[in-house]
Structures are given as C-alpha cells and as structure tokens.
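# Output the structure for:
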Amino acid sequence: MGAGVSDWRMARAVSAAGQLGVVSGTGIETLLVRRLQNGDPGGHMRRAMAHFPIPGVAERLIERFFLPDGRREGQRYALLPMPDHRASVRRDRITVLANFVEVFLAREGHDRPVGINYLTKIQPPTLPSLYGAMLAGVSYVIMGAGIPREIPGALDLLARHETASLKLEVVGGGDPTLLTLDPRALWEGAEPLLLERPKFLAIVSSNLLANVLARKASGRIDGFVVEGPTAGGHNAPPRGEMKLDGNGEPIYGVRDVVDLAELKELGLPFWVAGGAGSPEALRAALDAGATGVQVGTLFAFCVESGLDPDFRRGVLHDAREGHVRVRTDPRASPTGYPFKVIEAPSIPPLDDSRERLCDLGYLRAAYRREDGSLGYRCPGEPVDQYVKKGGDPADTVGRHCLCNTLLANIGLGQLRQDGRVERPLLTSGDDLVKIAAFVNDRDEYSAQDVLDYLLEAVTA
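Residues are numbered from 1 along each chain as shown. Down below sits the predicted model:
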C-alpha cells in the first residue's frame, strides 16, 4: 500500500489479531530519517534502533538526522543519497537498519508472524532491505511489480550471511551489472546473528508467470499472491497490445484473468488479491482452493493506517457521499505500469504546475551510456534532463513523481523552494467505491473491525 501506509502500526495490529500483517518496504530508509527529523514522536524509532545488532550504525544515524524538537518552520528534510548500483557500505547499513526498525516494531508485543512487501522494480535497495528485515525476524517476504526470480536464492544466501547478488535491469543491455551485498562486511568484525530464511510469496497476474517462477526461480517459492487489475497501486498491463477505453483507462480481458484451478495444480498455497475485501470474496477464494486473501483498501483507511488522518477522513467522507472514483491511469507512474489513482473532492488533483525534479530516485531506470557506463533517468524528472540522457520526450507526458507524492500521502512530503509541500497522490483498489457500505455512519474504524467483517465468511 505505497510508502508507509501499511506501516508497523497496521502490521502489528493485524498480526496480533491472528492474521498476517504486512509492512510496506517501499522507501523505508527515507521514512526512518524523516521520522527522526520530525522529532521521533513517541520515541518509537529510537526504541527499535536501540535493539539493532550491528554496532554503531543506529548511533551514527541518530547523530546525523535526529532533531529533538523536530524541524523548524520552513526547514526542508535532509536527504539520503539516491540509490544506485555502486556499492556503499554506509548506505547499505542505513537501509538494513530502516528495515530492521519497521519489522521490529511490527513484531513488538506479540509472537505472531509479520511479512514485508517490496517492489521488484526498485532494485538497488533490495538486498540490504531483505537482510534488515531478516535481522528483525520477518516471516514472509512478498514481491511483485516485476519478475522476482532471483529473490528466493538471495534469501537462502542472506540467511547464511553469505554474499548475494541480483542482476540490475539496464536499458540498452551490455555486460550484466550485479547488485551485491556481503552481509559480513556490515558487521565491523562483530559476530552475525543466527537467521531463519523467511518464506517467499511472489505476486503474479498470470498463470504463465506463476509457472515460470515455480520452475525457474533461483530457490524455493513458498506460494503466490494472485493480483487482478482491480487491486490498488501498480497493476500489470493488459496482455498483448494496451488499448484504452473512452475514459483513457486500460482495457482488460479474459486473457488477464488467472485460472485458479490451473494455479492450484502447482501445489503451492495462494492468496487472492484485488477486489477481495469482502466476506463473499473470501468465501469464494477459499472455495476455489486459495489459502486466503490479501486485502489492502479496507485497511488503508483504518485508524492504524499510516495515511495522513485528514486524507483518510476526507476520502471516507467523500465515499459516503458517493463522490469517489478510482481511475486506472496508464501514464501516472514513471515505471510504465498502470497505476490506480483516487479522484475525490478532498484530494487536490495533480497537474503540471509542480516543478519537475528527481531527488529520491527510487523509480529511476538504469541505462547504458554510449561510453558503456551506467546512468539513471526517470520520466518524472525535468524533460530536458531526461531527453539529454537518451529518453523519449513522449515518455514524460502525464508522468508524476510517485516517490514524493506517496510520501506526501503519509504526512512526510518535502517542502519545496516555493514554500509549498509536495501534494499527495492517493491510490486504492476499485473496492473503494463500495467502502461506504462497510463504513455506514462511522467516521473511523479499526483494523479489528475489518477483520471481524471479513471473517464472517469463515466463522459462521
């Protein structure tokens, strides 16, 4: 659910109630340093950091970023270096620490399993992110928005503190470039902890992808999350040529529907996602052989959600009034994947008035320069810079900076030179238009309310 929406509070609430709470791992190191710069309300970040087992890392980060009284008026957030392929033990340690903190807090106070979700598309932070989550005892790793074929083998190696590598996707090809992490280099001579390898669930949108991963992944696949085009966030594009309807949204057809009976024959557990947030959908998934469902939209608007409370309450009010729409925008995301966007009176619409810039860099794509070296570009950056790097100017049309807008969704938007804070871009599954029936006259609800509602299908 984007950066920080399904944060440690929500994951902890869901896991403690007996289900699998899942932390969003997107941009998690930026979340940590911005929370520290906001004064770390409640002291949660520093409490978790005190348990980080690699010596000296937490203390150095606190010294660099923690502001006891928070940022002063008009003060912008200090930034970390943008992620890339070049090895940096210093930055890797920060990424490891940030993932440790989020999972540690999600697991605090109960003994139930916790999962973490990553985008395959965001490659440079992946290995240190996995390692940090494993240091905190994460039980499940879930990955989509790409083909995570190399991740199972990487988990095997990291569990033994052995060097792991992933091939970086590079536009323009050339010799393979490896993203590598040597866990023992992070420990400064200290003895690493014993680790367990978490289970790995791949997010798939087709039977073909599920079959490929089951047969050709670098290690054990423990199950699948079957995500349809009604799910929030990034969606897989329609199979074949992308055609748009009269509203400019991608048209999905029968080829984009996963055959659950065929998937069941692989003999691995699977969870159904996208439009699964109802007791009827859960019952149908179980009847089709699924282990359960993955639900995002209902939890995204509960009180434990990381969404800015004003946005959360505003969208719920708009939904009760019948004034929300979820649009599948084929252009919004720099990744090229269709992306769900909430349109509601309480959410300021994005336009082209924002100054185009790229200062977080999570969704940049690596490309091969003429001299053979690697560069990075993003369709959301200034058009002249993108074109200078060999990009097609047509790719920049309609693109938004998801890195910054998703942080604005959770109240951590950057302050710009013109005095404005980055505007939000909220995402949700198509089920949002039906959330009013669940909410009724309530102004807010809890994660436990969602679970009670969903489990009506199996408790009768």
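# helix/strand/coil for Ala366?
The three-state label given to Ala366 by DSSP: H, G, I helix; E, B strand; the rest coil is strand.
# try Phe224
strand.
# Please tell me I have it right and it contacts Ala210.
Yes. Phe224 is in contact with Ala210 according to Cβ atoms under 8 Å; the separation is 5.5 Å. Bear in mind the C-beta positions are built from the backbone N, C-alpha and C, glycine included.
# who has more neighbours, the two?
A direct count of neighbours by other Cβ atoms under 10 Å for Phe224 and Ala210 places Phe224 higher, at 27 against 22.
# re earlier: shared neighbours, Phe224 and Ala210?
Counting by Cβ atoms under 8 Å, 6 or more residues apart in numbering, the shared contacts of Phe224 and Ala210 are Ala202, Val204, Leu263.
# Quick check: strands, which of those residues are part of them?
Using DSSP state E, the members of the shared contacts of Phe224 and Ala210 that fall in strands are Ala202, Val204.
# ok, Lys412 - how many residues close by?
No Lys there; residue 412 is Leu. Other residues close to Leu412 by other Cβ under 10 Å number 24.
# could you show me where the helices are in the stretch 251-400 of the chain, in order?
260-264, 279-287, 297-300, 309-320, 383-388 (DSSP state H, counting those that start in this stretch).
# Tabulate those helices in TSV, adding columns for mean pLDDT.
TSV is the format used below for these (pLDDT from 0 to 100):
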stretch	mean pLDDT
helix 260-264	94
helix 279-287	94
helix 297-300	94
helix 309-320	94
helix 383-388	95
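# Can I get those helices in JSON lines including distance to Glu370 and mean neighbour count?
Formatted as JSON lines, the helices of the stretch 251-400 of the chain follow (distance: least, Cβ to Cβ, whole Å; neighbours: other Cβ atoms under 10 Å):
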{"stretch": "helix 260-264", "distance to Glu370": "44", "mean neighbour count": "15"}
{"stretch": "helix 279-287", "distance to Glu370": "51", "mean neighbour count": "16"}
{"stretch": "helix 297-300", "distance to Glu370": "44", "mean neighbour count": "26"}
{"stretch": "helix 309-320", "distance to Glu370": "44", "mean neighbour count": "18"}
{"stretch": "helix 383-388", "distance to Glu370": "12", "mean neighbour count": "15"}
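# Out of the ones you listed, which gets nearest to Leu357?
helix 383-388 (9.2 Å; Cβ to Cβ).
# so is the closest residue to Met134 other than its chain neighbours in a helix, a strand, or just coil?
Distance criterion Cβ to Cβ, 6 or more residues apart in numbering; nearest residue to Met134, sequence neighbours excluded, is Leu195 at 5.2 Å. For Leu195, the secondary structure call by three-state DSSP comes out as coil.
# Can you add distance to Gly74 and give the shared contacts of Phe224 and Ala210 back as TSV?
Formatted as TSV, the shared contacts of Phe224 and Ala210 follow (distance: Cβ to Cβ, whole Å):
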residue	distance to Gly74
Ala202	45
Val204	46
Leu263	53
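# Span of stretch 249-269 from start to end?
Length of stretch 249-269, first residue to last, Cα to Cα, to the nearest Å: 32 Å.
# Which residues does it contact?
204-207, 210-211, 214, 221-224, 226, 228-229, 235-240, 242-245, 270, 272, 288-291, 327-330, 338.
# What pLDDT does the model give Asp430?
With respect to pLDDT, Asp430 scores 89.
# could you check the distance from it over to Gly296?
When distance is defined by Cβ to Cβ, to the nearest Å, Asp430 is 11 Å away from Gly296.
# Between those two, which is the more surrounded one?
More neighbours surround Gly296 than the other of Asp430 and Gly296, with 25 against 19 (other Cβ under 10 Å).
# tally of neighbours for the nearest residue to Ala13 once chain neighbours are set aside?
Among residues not flanking Ala13 along the chain, Ala447 sits closest, at 4.2 Å (Cβ to Cβ, 6+ apart). When neighbours are defined as other Cβ under 10 Å, Ala447 has 24 of them.
# Give me the secondary structure label for Met143.
Secondary structure state of Met143, per three-state DSSP, is strand.
# rewinding a little: can you tell me how far the residue nearest to Met134 sits from Leu186?
Distance, Leu195 to Leu186, using Cβ to Cβ: 13 Å.
# Now do the same contact list for the spatially closest residue to Gly2 that is not a sequence neighbour.
Residue nearest to Gly2 in three dimensions, not counting chain neighbours: Leu406, with 4.6 Å by Cβ to Cβ, 6+ apart. For Leu406, the contact set (Cβ under 8 Å, 6+ apart) comprises Gly2, Ala3, Gly4, Thr26, Gly27, Leu425.
# quick one: terminal-to-terminal distance for stretch 137-146?
25 Å.
# what about that stretch, average pLDDT?
The pLDDT scores in stretch 137-146 average 92.
# contacts for that stretch?
20, 22, 103-104, 107, 113-121, 130, 133, 151, 155, 196, 198-204, 222, 225, 227, 234, 335, 337.
# Now find how far off-centre it is within its chain.
Chain-centre distance of stretch 137-146: 10 Å, with Cα atoms, centre = their mean, to the nearest Å.
# Same check on stretch 60-79?
Stretch 60-79 has its C-alpha centroid displaced from the chain centroid by 24 Å (Cα atoms, centre = their mean).
# Touching that stretch from outside, list them.
For stretch 60-79, the surrounding residues in contact (Cβ under 8 Å, 6+ apart) are 30, 32-34, 36-40, 46, 49, 94, 97, 359-360, 412, 414-416, 419.
# With just CA atoms, put it into PDB.
In PDB, the C-alpha atoms belonging to stretch 60-79 read as follows (Å, rounded to 0.1, in the frame of the first residue of the first chain):
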ATOM      1  CA  ARG A  60      25.600   7.500  13.900                       C
ATOM      2  CA  LEU A  61      22.200   7.900  12.200                       C
ATOM      3  CA  ILE A  62      20.700   9.500  15.200                       C
ATOM      4  CA  GLU A  63      23.600  11.900  15.500                       C
ATOM      5  CA  ARG A  64      23.100  12.800  11.800                       C
ATOM      6  CA  PHE A  65      19.400  13.100  11.500                       C
ATOM      7  CA  PHE A  66      17.600  13.300  14.800                       C
ATOM      8  CA  LEU A  67      16.100  16.700  15.700                       C
ATOM      9  CA  PRO A  68      14.800  16.500  19.300                       C
ATOM     10  CA  ASP A  69      12.400  19.400  18.700                       C
ATOM     11  CA  GLY A  70      11.600  18.500  15.100                       C
ATOM     12  CA  ARG A  71      12.200  20.600  12.100                       C
ATOM     13  CA  ARG A  72      11.900  24.400  12.500                       C
ATOM     14  CA  GLU A  73       9.400  26.200  10.400                       C
ATOM     15  CA  GLY A  74      10.400  26.300   6.700                       C
ATOM     16  CA  GLN A  75      13.100  23.700   7.200                       C
ATOM     17  CA  ARG A  76      13.300  21.100   4.400                       C
ATOM     18  CA  TYR A  77      14.100  17.400   5.000                       C
ATOM     19  CA  ALA A  78      17.700  16.400   4.700                       C
ATOM     20  CA  LEU A  79      18.100  13.700   2.100                       C
END
